[in-house]
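Student: Predicted structure and sequence below. I'll ask about it afterward.
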Amino acid sequence: MGSLQLKSIRKAYGSHEVLKGIDLEVKDGEFVIFVGPSGCGKSTLLRTIAGLEDATSGSVQIDGVEVGHVAPAKRGIAMVFQSYALYPHLTVKDNMGLGLKQAGKPKAEIEDKVGKAASMLSLDPYLARRPAELSGGQRQRVAIGRAIVREPKLFLFDEPLSNLDAALRVNTRLEIARLHRSLKATMIYVTHDQVEAMTLADKIVVLNAGQIEQIGSPMDLYNRPANVFVAGFIGSPQMNFIDGARLGDKNAKTIGIRPEHLGLSRESGDWKGKVVHVEHLGADTIVYLESEQVGLITVRLFGEHRYAPDDIVYATPMVGSMHRFGADDRVLA
């Protein structure tokens, strides 16, 4: 079991309030990702769950048991940090089994658990090596393996891929996804990278300035953002935002349209504009155009398209793809 309940969690440093009343339920076996801009409180919230930070007020419950006054080591959690935090003088095998050794577990049990975790993470060839002999991705897998052998109720990941290069991030992301399916464990993961959030999570928690903006599945947040902040944060390239008055909408302060929900033509369309920049990415072509009707907008086209700066083009939104937001920046029904 590994359920988590957070009730009215607040955290303040003096007069500065970092968490402003967080309520959240994580079900056993869920993969939940906290995402948001730097300084939004996501790492502080994770550390509060782990017991590395004390909540100013509120309740943290793991499997229905209040753990606010329980030491981190007794909470049944394992944490994987951005830094690998491996002992340089110990082998991979000893690094992975150190926590069990310190807990006084029998040698045979340590051997068995380390062996299973190493096999799961394809670390068998490296068990006799020391961290300096490993790549960044291999070191992070050792850190994950060290967490696995403890068989925790909750796995907590604090931006574990941010020190890896792009290719390693993709590979390690796949390994973490496979690991979650294999262990059927509860995982809570912090990242500022929305691609990680969209590709790994069962449920995403979008945080901003110490508050939860929206909770939902990746496609819930993409298709039905609750407000302008979530709409702009989820999706790449970012959603286009247009002043409602420019489109004659008297009720909507802002109208949003995703770049991939716009079509482009040289002959005709709803919004005439001039191309100001084009990004040729192979699989996609990103076109930026300036229109008198709606201002600067971004269009994402699938595949390669031969547009160039100063071309005159016409953009047309797909039917039913507009998002309307009111004066309070919340979505309009």
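Tutor: Sure, I can see it. Just so we're clear, the structure is a prediction, and the values are computed from it rather than from any experiment.

Student: Show me how far the helix or strand hosting S8 is from its chain's centre.
Tutor: Using DSSP states H and E, the element containing S8 is strand 4-13. How far strand 4-13 lies from its chain's middle: 20 Å, per C-alpha atoms, centre = their mean, to the nearest Å.

Student: List the pairing partners of the helix or strand that comes right after that strand within its sheet, with orientation.
Tutor: Scanning forward in sequence from strand 4-13 by DSSP H and E, the next helix or strand is strand 16-26. Paired strands of strand 16-26, with direction, are strand 4-13 (antiparallel) (DSSP bridges).

Student: What are the contacting residues of the partner strand?
Tutor: When contacts are defined by C-beta atoms under 8 Å, 6 or more residues apart in numbering, strand 4-13 is touched by residues 17-26, 41, 44-45, 48-49, 53, 55-62, 64, 154, 186, 188. Bear in mind the C-beta positions are built from the backbone N, C-alpha and C, glycine included.

Student: Any of the residues you listed buried? List them.
Tutor: Buried residues within the contacts of strand 4-13, counting neighbours by 16 or more other C-beta atoms under 10 Å: 18-19, 22, 24, 26, 41, 44-45, 48-49, 53, 55, 58, 60, 62, 154, 186, 188.

Student: Next step: those residues restricted to helices.
Tutor: Among the buried ones among the contacts of strand 4-13, the ones falling in helices (DSSP state H) are T44, L45, T48, I49.

Student: Give the buried residues for the strand holding S8.
Tutor: Result for strand 4-13 [16+ other C-beta under 10 Å]: buried residues L4, Q5, L6, K7, I9, R10, K11.

Student: Ok, stretch 165-183 next?
Tutor: Within stretch 165-183, the residues scored as buried using 16+ other C-beta under 10 Å are L168, R169, T172, R173, E175, I176, L179, H180.

Student: show me the residues around I148 that make contact.
Tutor: A78, K113, A117, M120, L121, L179, L183.

Student: Now do the contacts for the residue nearest to A71 when sequence neighbours are not counted.
Tutor: Nearest residue to A71, sequence neighbours excluded (C-beta to C-beta, 6 or more residues apart in numbering): G51, at 6.4 Å. Residues counted as contacts of G51 (C-beta under 8 Å, 6+ apart) are V67, V70, A71, P72, R75, I77.

Student: For these, work out which two are farthest apart.
Tutor: A71 and I77 (11.0 Å; C-beta to C-beta).
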